[in-house]
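Visitor: Below are the sequence and a predicted model for it; my questions follow.
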Amino acid sequence: MNAAERRTKITHLLAQANGPLSATALAAQCGVSRQIIVGDVALLRAGGLAVLATPRGYILENTSAPACAERHIVSHHDNSRMLEELYTVVDLGGAVIDVTVEHAVYGQICAPLHIFSRYDADAFNEKIQQSGSRPLSNLTGGIHLHTIRATDEKTLERVIQGLKDKGFLLLEDN
């Protein structure tokens, strides 16, 4: 298959997927290297396709998702509490959409997370452990922002209260 056919196939595979697809998995299905897939995804994005890279692989952004409640929170904790923070959000019915830090040189750095369950949180944590990487919040002494999403305002308020109760939120009076 030529490059255009391959990118059409990648788009179709992502549209049909029930979850994230890794570049390695896409490469195996297309008979090319992982690096070719990374380049193809970059070209698809440049062409306007809303492909998000999550810690578990690529997904298409769902622009037709039902209305939901969303808020940006400022969180503060060390690495030892990262998994507890993620569990708190998902256990109370929310999702952690992304993480953002303010870097002195690069400015705002934002990375998609798309953590909807303990399984997603565990996979993210395992990837950090196995890669020897550190969370972005290490760049800012533990201070970071998250976009938190829930199906409704009541659920979102429950998530935020849970984070407050456990001391994760950086509040104006801190």
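Guide: Sure, I can see it. Numbers count the residues shown, from 1 in each chain.

Visitor: Quick one: distance of the strand or helix carrying Ala42 to the chain centre.
Guide: Element membership for Ala42, per DSSP states H and E: helix 34-46. What separates the centre of helix 34-46 from the centre of its chain is 19 Å, taken as C-alpha atoms, centre = their mean, to the nearest Å.

Visitor: Can you list the strands that the helix or strand following it pairs with?
Guide: For helix 34-46, the following helix or strand on the C-terminal side (DSSP H and E) is strand 51-54. Paired neighbours of strand 51-54 in the sheet (DSSP bridges): strand 57-60 (antiparallel).

Visitor: so how far is the strand it pairs with from its chain's centroid?
Guide: Worked out by C-alpha atoms, centre = their mean, strand 57-60 lies 10 Å from the chain centre.

Visitor: swap in stretch 48-65?
Guide: The answer for stretch 48-65 is 10 Å, by C-alpha atoms, centre = their mean.

Visitor: what about the chain, any weak spots by pLDDT?
Guide: Residue ranges of the chain with pLDDT under 70: 62-67, 172-174.

Visitor: all strands in it, in order from the N-terminus.
Guide: 51-54, 57-60, 69-76, 95-103, 107-115, 143-150 (DSSP state E).

Visitor: and Phe168, which of those is closest to it?
Guide: Counting by C-beta to C-beta, Phe168 lies closest to strand 69-76 out of the strands of the chain; the figure is 5.0 Å. The C-beta positions use only the backbone N, C-alpha and C, and glycine is treated the same way.
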